[in-house]
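# From the sequence below, what's the structure:
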Amino acid sequence: MSATLAAYKLVLSLARAVSPLAGSGPSKLAQGLVGRRAAPDTLIHWGTAQRDSERRTVWFHAPSVGEALQARAVIEELREREPNAQVVFTYFSPSAARLARQMPVDVAAYLPWDLPGPIRHVLDAISPDLIVFTKTEVWPVLVKEAGRRGLAVALVAGTVAESSSRLRPAARALLAESWRALGSVCAIADEDAARLHSLGVPKSVLQVTGDPGIDSAAQRLAAADPAARFVAPFFADPRPTLVAGSTWPSDDEVLLPALDVVRKQVPDLRLILVPHEPDPGHTKVLRRRLTDGGWSAATLSEVERTASVHTVDAIVVDRVGVLADLYTVGRVAYVGGGFHGAGLHSVLEPAAARLPVLFGPRHQSVRAATDLLEADAARSVQGRDTLAEALLTWLTDDGAHDYAARRAFGYVQRHMGAAGRTADVLSELLRSSPA
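Alright, predicted model coming up:
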């Protein structure tokens, strides 16, 4: 065992030992710690009480919401090819807990602590035939224990940005053995495949299958219901609308001053503001700020209750799970996360909704954002003035708007099919694994 892996296990063991001290309260940290402690029992119970030993079992893991959506698209395609397969799904971030409950799987739970004890107990119980990681979420102890049992391990939607922490020396040292142990890797693009190979993935197991997240986004937009109670009022009272999705305070500090400029030329502008964390305290602050700025503001719950937006020009969304539907009523989309270091959110949903897309300068780790920029379907803005300029162009110039909208939707259409191609690879791997 390498010194790096030994140190990793020691740190995780200490974290696990002290986790009960931090595992209380409503914070995401507490939710994650509680979920991780409960995960072995959930998975072991399913494995011992419900698992059918006559059927193949696939264990999918995704760290958070974006990767879980990629995984879901692949799982749905795999179920069509392998209808008798049982699917286990684990996740890392509390943000994915709600989505996990909606996944087309047999059991879902947090990922247990990546330590030999918990991992061995879970593997004994669920006895997977195939383990599938998403993006770059490879856990070294799980991979090592799977190798000891001769289990097939794959990675799907593999992508490594040029700035990825996986390329740093410490991560390389910790994960080198895990990368070499993967039996099949489906990369999103050629550049991702090259970087994965540089990390240690053998060329013989690498192939480029595309981004299943594009299929997932297209499916969500196709399923949007214009008659839904929280959407129908917008169609009944159409106005030029900016949908600002998954925004953070760092986005708001640029977006709201830019909109003050835009409203002078587009006085009937409507804003749908969808904060990344729509907790009551945050939505209350946003609503008050909008009202103080001269907007007639309401929450989405109020719109749904009154079935009208006739006197409202700013809507603060106070729940999760509705952003894809709301993009369908927009003329332009702004995607949050580009003004801080935590990462840009998904640009695929607004593109699938045929919207030109705007975001902040920190987008380099998101391949689809770069692709949309190159396709003239998106613009990266540096601050208030460039954001206001771009908004005015797409709100007032129909030709410029329609061209960018077509390019955005065309990008999505050209890149669909990755989930099916990925599922083909996994199906073949599953059928070739020992029974």
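
# tell me the pLDDT at Val18?
Looking at Val18, its pLDDT reads 88.

# can I get the CA coordinates of the host helix or strand of it in CSV?
Per DSSP states H and E: Val18 is located in helix 3-22. Extracted in CSV, the C-alpha atoms of helix 3-22 (Å, rounded to 0.1, in the frame of the first residue of the first chain):
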residue,chain,number,x,y,z
ALA,A,3,2.1,6.0,1.7
THR,A,4,-0.4,8.3,0.0
LEU,A,5,-3.2,5.8,0.3
ALA,A,6,-2.3,5.0,3.9
ALA,A,7,-2.5,8.7,4.7
TYR,A,8,-5.8,8.9,2.9
LYS,A,9,-7.2,6.1,5.0
LEU,A,10,-5.9,7.6,8.2
VAL,A,11,-7.5,11.0,7.5
LEU,A,12,-10.8,9.4,6.5
SER,A,13,-10.8,7.2,9.7
LEU,A,14,-10.2,10.3,11.9
ALA,A,15,-13.0,12.1,10.0
ARG,A,16,-15.3,9.2,10.5
ALA,A,17,-14.5,9.0,14.2
VAL,A,18,-15.3,12.7,14.9
SER,A,19,-18.2,12.9,12.4
PRO,A,20,-20.9,12.4,15.1
LEU,A,21,-19.8,15.7,16.7
ALA,A,22,-20.6,17.6,13.5
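
# Give me the buried positions along that helix.
Buried residues in helix 3-22, counted by 16 or more other Cβ atoms under 10 Å: 4-5, 8-9, 16, 19. C-beta coordinates here come from the backbone N, C-alpha and C atoms, glycine included.

# quick check, nearest of the residues you listed to Leu33?
Nearest to Leu33 out of those is Ser19 (Cβ to Cβ; 4.5 Å).

# Could you look up the SS state of the nearest residue to the closest one once chain neighbours are set aside?
Residue nearest to Ser19 in three dimensions, not counting chain neighbours: Leu33, with 4.5 Å by Cβ to Cβ, 6 or more residues apart in numbering. Judged by DSSP: H, G, I helix; E, B strand; the rest coil, the three-state class of Leu33 is helix.

# before we move on, the earlier item: go through the buried residues of helix 3-22 and say which is closest to Thr396.
Ser19 (53.8 Å).

# and the closest one, what does it touch?
Counting by Cβ atoms under 8 Å, 6 or more residues apart in numbering, Ser19 makes contact with 33, 36-37.

# Over to Val74?
Counting by Cβ under 8 Å, 6+ apart, Val74 has contacts 60, 132, 156-157, 212, 419, 422-423, 426.

# Those in strands, which ones?
Secondary structure from DSSP state E places 60, 132, 156-157 of the contacts of Val74 in strands.

# now the strands for the stretch 101-250 of the chain?
107-110, 130-134, 152-158, 184-187, 206-208, 241-247 (DSSP state E, counting those that start in this stretch).

# could the ones you listed go into TSV alongside mean pLDDT, mean neighbour count and distance to Leu99?
Below are these laid out as TSV (pLDDT from 0 to 100; neighbours: other Cβ atoms under 10 Å; distance: least, Cβ to Cβ, whole Å):
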stretch	mean pLDDT	mean neighbour count	distance to Leu99
strand 107-110	98	23	9
strand 130-134	98	27	13
strand 152-158	97	26	15
strand 184-187	98	25	21
strand 206-208	98	17	26
strand 241-247	97	25	14
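
# Could you dump the ones you listed into TSV and include distance to Arg72?
TSV is the format used below for those (distance: least, Cβ to Cβ, whole Å):
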stretch	distance to Arg72
strand 107-110	11
strand 130-134	10
strand 152-158	11
strand 184-187	15
strand 206-208	21
strand 241-247	18
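
# Domain ranges for this structure, per the record?
What automatic domain parsing lists as the domains of the chain is 3-210+417-432, 225-414.

# Can you tell me which of the contacts of Val74 is closest to Asp385?
Nearest member of the contacts of Val74 to Asp385, counting by Cβ to Cβ, is Ala157, at 36.2 Å.

# which non-adjacent residue is nearest the closest one?
Gln70 (4.3 Å).
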